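**Q** no FASTA, just this:
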């Protein structure tokens, strides 16, 4: 059996997370038992939710246990199978974690999903046609519920989730406005993804300034906001929200390290009769088939052109994850393992 | 025709509102035109929403125009009628404003509603069996949607809205926990209204301390919160919220004067997958008949025993309103005009 390199959580962050919180180990892959499958991972997905798992405190999920392989989505190929449902060479999506190989019980429902790479490249099953895409779909379709002509704003607009939010909103006849960090990301958002406008938050030092930019980008106000970042972007959007605006709370990456960032104007929820709803997509498995079908079609047709930042080799995962938390990635952050 | 005393908004508050923002005038009541009704007001309702109308800024309603009679709910008796639908002596609820008489177009839908005082005293049509009661009903039944065994917290629990929230929650098998100011109000909330517990917020100087008290009063956490006040009570409840908790945002009286009060932990909306919804009851007229029927029954049977603070004479309205904003009232604040 091949050697397996793994990254485990070695310590919990005190304030800011760092690459030193992780440790690289080399182990043997165990011999397969009946029903098991050995998967060789081609790509590991890095996602903001992982930052929450590094903490001990109360969150929606159990904390990542110290000394165990970090949780994470993976795509790869079956290397060896003792399960009749899987054959060597099958392409599969799973939650293999931060390691090069995983041993999976092929009979556990949902543990592995076979995918086809004829229309969609394998890596996109970790992005636009995977968990981030379905996250975008759920928040937009089930919480924001945009009507044609309404305006939807999304933060981290060039990211795996944000890019899909905008394209899905445009398909529904809404105006899509992104918020992203830097001119290059904004150019991708408007020119390649087809958003109507994109605001570079790095040009704005506070919520008032950002709110003024939103006023120009959203002449009819904001009807829906897909929240990936929190902090001053949330405050700025609240200042531009229309009556009955909806906010889908998906991530608040700006507050993941250290102190929580207050919401400055909660009274606007009342005066605008807004609805704010937090969600995690793994609690809404019922929408996955419908969402994946639409997302696969959008990627296949080229209407949604996902960007990827690809780090090379398992050992690069901790630094690539730090980059993701600080917005240094451009599009979906992956680690290539083969 | 009788003389009419009226209170108009004379100036807008700079920071805290004061009685000096109002002015008392005496005018003549005009002769009635065909279709009109002259109503002599018995009670004027004072409600927190009026504070919002005193400002010029964006809110859910138009600001109260300067120099015009302050908006307000009234109950009274038809003094004279030139409309076949109304006869002198009819008891009616309307939006007569801060004055002793009003002239109403009896043909305008919803302008006046005839009520019976055989089961429910006239004044309660401004409270438990009126707008505040329906406000409680909508937020509890349509937003919080409590299930039997869940815990519902309500702030300003001894007030016209809060008292009804708790009694309606108990009827649905939920645990009802109030937050109110002072031992006397808390005693009323638990002993006369039948809440399971009531926390005196005056015993707590910050959200952490209040949150500890909530932990004791809500051993199973908080599933629903009916928000009447904002500020540290909102923060304290968020710290105790269960997964999928719902917050009905009805009022944020603590921030009505001067600076808005931030929400300290908005990330809890995400980690707890909460839903927060602001509403105003006048936008949900479809629920009024069902809500009023249940509330009338609860008051008639004595299960809901509304408290009232009654100020005497129109001239006392400004000071009574200041008292309401500062929590000096006990139950529904009224002004008796006859």
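**A** Sure thing, it's come through. This structure is a prediction, so every number in the text was calculated from the model and none was measured. Residues are numbered from 1 along each chain as shown, chains lettered A, B, ... in the order given.
**Q** assign the closest residue to residue A:21 other than its chain neighbours to helix, strand or coil.
**A** Nearest residue to residue A:21 in three dimensions, chain neighbours excluded: residue A:11, at 5.2 Å (Cβ to Cβ, 6 or more residues apart in numbering or on different chains). (Each C-beta comes from the backbone N, C-alpha and C, glycine too.) Three-state call for residue A:11 (DSSP: H, G, I helix; E, B strand; the rest coil): coil.
**Q** ok, residue A:11 - contacts?
**A** Residues in contact with residue A:11 (Cβ atoms under 8 Å, 6 or more residues apart in numbering or on different chains) are A:20, A:21, A:66.
**Q** surely the first one forms part of a helix?
**A** Yes - remark: residue A:20 belongs to a helix, assigned using three-state DSSP.
**Q** mind checking pLDDT for residue A:258?
**A** For residue A:258, the pLDDT comes out at 63.
**Q** state the pLDDT value of residue A:14.
**A** Looking at residue A:14, its pLDDT is 89.
**Q** quick check: which element contains it?
**A** For residue A:14, there is no host helix or strand (DSSP states H and E).
**Q** neighbours around it, how many?
**A** Neighbour count for residue A:14, taken as other Cβ atoms under 10 Å in any protein chain shown: 9.
**Q** quick check: buried residues in stretch A:107-122?
**A** A:111, A:112, A:115, A:120, A:122 (16 or more other Cβ atoms under 10 Å in any protein chain shown).
**Q** can you list the residues you listed in a markdown table and add secondary structure?
**A** As requested, the buried residues of stretch A:107-122 are exported to a markdown table (three-state DSSP):
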| residue | secondary structure |
| --- | --- |
| A:111 | coil |
| A:112 | strand |
| A:115 | coil |
| A:120 | coil |
| A:122 | helix |
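**Q** chain B: which of these is nearest?
**A** Nearest to chain B among the buried residues of stretch A:107-122: residue A:111, at 24.0 Å, using Cβ to the nearest Cβ.
**Q** and residue A:318, what does it touch?
**A** Taking Cβ under 8 Å, 6+ apart, we find residue A:318 in contact with A:7, A:19, A:21, A:22.
**Q** where does it land in three-state SS?
**A** The three-state label given to residue A:318 by three-state DSSP is helix.
**Q** which SS state does residue A:132 fall under?
**A** The three-state label given to residue A:132 by three-state DSSP is helix.
**Q** only the buried subset of the contacts of residue A:318, as a PyMOL command please.
**A** For the buried members of the contacts of residue A:318, the matching PyMOL selection, counting by 16+ other Cβ under 10 Å, is:
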select buried, chain A and resi 7+21+22
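**Q** outline the domain layout of chain A.
**A** Chain A breaks down by automatic domain parsing into domains covering A:3-126+A:306-336, A:131-282.
**Q** out of those domains, nearest to residue B:231?
**A** Residue B:231 lies closest to domain A:131-282 among those, at 9.4 Å (Cβ to Cβ).
**Q** can you give me the end-to-end span of that closest one?
**A** Using Cα to Cα, to the nearest Å, the end-to-end distance of domain A:131-282 comes to 8 Å.
**Q** can you check stretch A:209-223 too?
**A** So stretch A:209-223: terminal residues 20 Å apart, Cα to Cα.
**Q** flag every buried residue along that stretch.
**A** A:210, A:211, A:213, A:214, A:217, A:218, A:222, A:223.
**Q** hmm, that stretch touching chain B?
**A** No - using Cβ under 8 Å from any Cβ of the partner chain, we find that stretch A:209-223 stays clear of chain B, coming within 10.8 Å at best.
**Q** distance from the chain centre to that stretch, please.
**A** 25 Å (Cα atoms, centre = their mean, to the nearest Å).
**Q** gap between the most centrally placed residue in chain A and residue A:148?
**A** Most central in chain A under Cα atoms, centre = their mean is residue A:132, positioned 4.1 Å from the mean C-alpha point. If you measure residue A:132 against residue A:148 using Cβ to Cβ, to the nearest Å, the figure is 25 Å.
**Q** and for residue A:45?
**A** In this view, residue A:45 and residue A:148 are 33 Å apart by Cβ to Cβ.
**Q** neighbour count: these two, which is higher?
**A** Taking other Cβ under 10 Å, residue A:45 and residue A:148 do not tie; residue A:45 has more neighbours (25 against 8).
**Q** what does the more buried one show for phi and psi?
**A** As for residue A:45, its main-chain torsions (degrees, to the nearest 10) stand at phi -90, psi 130.
**Q** that one against residue A:131, yeah?
**A** Yes - with contact defined as Cβ atoms under 8 Å, residue A:45 counts as touching residue A:131 (7.5 Å).
**Q** so what sits against both of these two?
**A** Shared contacts of residue A:45 and residue A:131 (Cβ under 8 Å, 6+ apart): residue A:73.
**Q** shaky segments in the stretch 51-200 of chain A?
**A** By pLDDT under 70, the low-scoring segments of the stretch 51-200 of chain A are A:58-60.
**Q** show me where it has helices.
**A** For the stretch 51-200 of chain A, the helices defined by DSSP state H, counting those that start in this stretch cover A:131-137, A:160-171, A:183-187.
**Q** and the average pLDDT for stretch A:296-314 is what?
**A** In this model, stretch A:296-314 has a mean pLDDT of 96.
**Q** hey, which of the domains of chain A is tucked in deepest?
**A** Among the domains of chain A, ranked by average contacts under mean count of other Cβ atoms under 10 Å in any protein chain shown, first place goes to domain A:131-282 (a mean of 22).
**Q** ok now that domain, how far from the chain's centre?
**A** Centre-to-centre, domain A:131-282 and its host chain are 15 Å apart (Cα atoms, centre = their mean).
**Q** for the spatially closest residue to residue A:141 that is not a sequence neighbour, give me its contacts.
**A** Of all residues not flanking residue A:141 in the chain, residue A:168 sits nearest, at 7.1 Å (Cβ to Cβ, 6+ apart). Under the criterion of Cβ under 8 Å, 6+ apart, the neighbours of residue A:168 are A:136, A:137, A:140, A:141, A:294, A:298.
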